[in-house]
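K.L.:
Quick one: sequence and predicted model below, then my questions.
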Amino acid sequence: MLMMRLQRVGRKNDPSYRIVVTDKRTGPKSNKHVAILGSYNPKMNHTQLDADAAKGWLAKGVQPSDTVHNILVAQKVIDAKKLNVLPKKSPIVDEEAIKKAEEEAAAAEAAEAEAAEEAPADESDTAATEEAPATEEATEETAEEAPAAEETKEEETPAEEK
């Protein structure tokens, strides 16, 4: 299978590339190319490309690498979106564990919702009838106990002083 890819040429710390058509199995530095289509210098952002030859090779079924694809899009040789060539920095996610956790959370929420729907209906009728008299009785008891508690405190304090 033929690929349209970049071959690095140039010195150390000064990269420049040739855009070549080569067999996918051959190494990029083997110089066993079918055709040289142009060059690319990323430092100067300069691209020289034979657009007609590139279109001809693409018509024959040559697959461009991701970076060459982006160069062809920038040069308007092909009409497509640019591809993301940078590696994805996302953690490895276990999809099965996430699905199980979501199902458990959904089941827990459903159980809470059912309990919330049943409990307030039953408790609201009984709680309203029980709480109203209980609060009135509690206020009466606390009102009666408060003066009695004050009297006992007054009686104890003089005894302690003597």
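P.N.:
Happy to help now that I have it. Numbers count the residues shown, from 1 in each chain.

K.L.:
Show me the domain layout of this structure.
P.N.:
2-74, 92-143 (automatic domain parsing).

K.L.:
Distance check, the closest residue to T26 other than its chain neighbours against T22.
P.N.:
Of all residues not flanking T26 in the chain, K32 sits nearest, at 5.1 Å (Cβ to Cβ, 6 or more residues apart in numbering). From N, CA and C alone the C-beta is placed, and that goes for glycine too. Using Cβ to Cβ, to the nearest Å, one gets 7 Å for the distance from K32 to T22.

K.L.:
pLDDT below threshold where in this protein?
P.N.:
Residue ranges of the chain with pLDDT under 70: 90-94, 119-162.

K.L.:
80 instead, please
P.N.:
The chain contains residues with pLDDT under 80 at 28-29, 87-99, 115-162.

K.L.:
Strands of that one, start to end?
P.N.:
All strands of the chain, identified by DSSP state E, fall at 2-9, 16-23, 33-41, 46-49, 63-64.

K.L.:
mind checking which of those is nearest A107?
P.N.:
Closest approach to A107 among the strands of the chain (Cβ to Cβ): strand 63-64, 47.4 Å.

K.L.:
helices or strands up against that closest one?
P.N.:
strand 2-9 (3 or more Cβ pairs under 8 Å, 6 or more residues apart in numbering; DSSP states H and E).

K.L.:
Parallel or antiparallel, which strands does the strand it packs on pair with?
P.N.:
Strand partners for strand 2-9, identified by DSSP bridges, are recorded as strand 16-23 (antiparallel), strand 63-64 (parallel).
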